[in-house]
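Visitor: Starting from these lines, generate the structure:
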Amino acid sequence: MNLTSVALLVVDYQQGVVETMGTDQELAAVNEATALARSCGLPVVFVRTGFCSEYSDVSRNNKMFARFADGDLPMTADATATQLHTSVQVMPSDVVLVKNRVSAFTGSGLDILLRSRSIDTLAIAGISTSGCVLSTIREASDRDYRLFVLGDACTDPAAAVHDTLLNEIFPAQAEVVASADWIEAL
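Guide: Residues are numbered from 1 along each chain as shown. Model (predicted):
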């Protein structure tokens, strides 16, 4: 495999999400994966969720996001809760994109970025497994990317759902590996 066609995608490792769902274990795993990717010369792409200041990009029909427009939690692109978590090691060479839906592809320009760099293989880490990871894997698979899920760099508030996704659902579309074993799996 040509490593020039591979990228690491880190989704929703942002302040508000990590503080409510993440642990030191996932933070350590994602930092290990980003360091490993950079040492191999692979691009690292962070994608975080953030909305327009007046939430004009949030439909009242969207049950998940309409509550943000109602003021439950500030989730605009410049809000503290949507910034990358301070424990995540971001380097100037990394790409940071903002999305406005669950999948990392929606509203972020991610597909254009990847295709312009001839990237066809993604390793995905994210919070939460049943949210952004599931949605991103489904969309990436439909777009014909080869996929790896860094299981130890994903988490979900429902442990049983997390385990089912990693062990029963994701293997139909992706290789599920530990962060430390990812490059070897290529």
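Visitor: Ranking helices and strands of this structure by mean pLDDT, which lands last?
Guide: One helix or strand of the chain scores below all others by mean pLDDT, DSSP states H and E: helix 63-69, with a mean of 81.
Visitor: show me where this structure has strands.
Guide: Ranges of strands within the chain are 6-11, 44-49, 95-99, 121-127, 146-155, 175-177, based on DSSP state E.
Visitor: the longest helix in this structure is where?
Guide: Of all the segments assigned as helix in the chain under DSSP state H, the longest by residue count is helix 24-39.
Visitor: now the angle from that one to strand 44-49?
Guide: Relative orientation of helix 24-39 versus strand 44-49 (axes from the mean of the first three to the mean of the last three CA atoms, to 10 degrees): 140 degrees.
Visitor: any idea how far helix 24-39 is from the chain center?
Guide: Relative to its chain's centre, helix 24-39 lies at 13 Å (CA atoms, centre = their mean, to the nearest Å).
Visitor: quick thing: my sequence starts at 476, can you match it?
Guide: In the new count, where the first residue is 476, that last one comes out as helix 499-514.
Visitor: Report the buried residues of that helix.
Guide: Using 16 or more other CB atoms under 10 Å as the test for burial, helix 499-514 gives Glu501, Leu502, Ala504, Val505, Asn506, Glu507, Ala508, Thr509, Leu511, Ala512, Arg513. All C-beta spots, glycine's among them, are computed from the backbone N, C-alpha and C.
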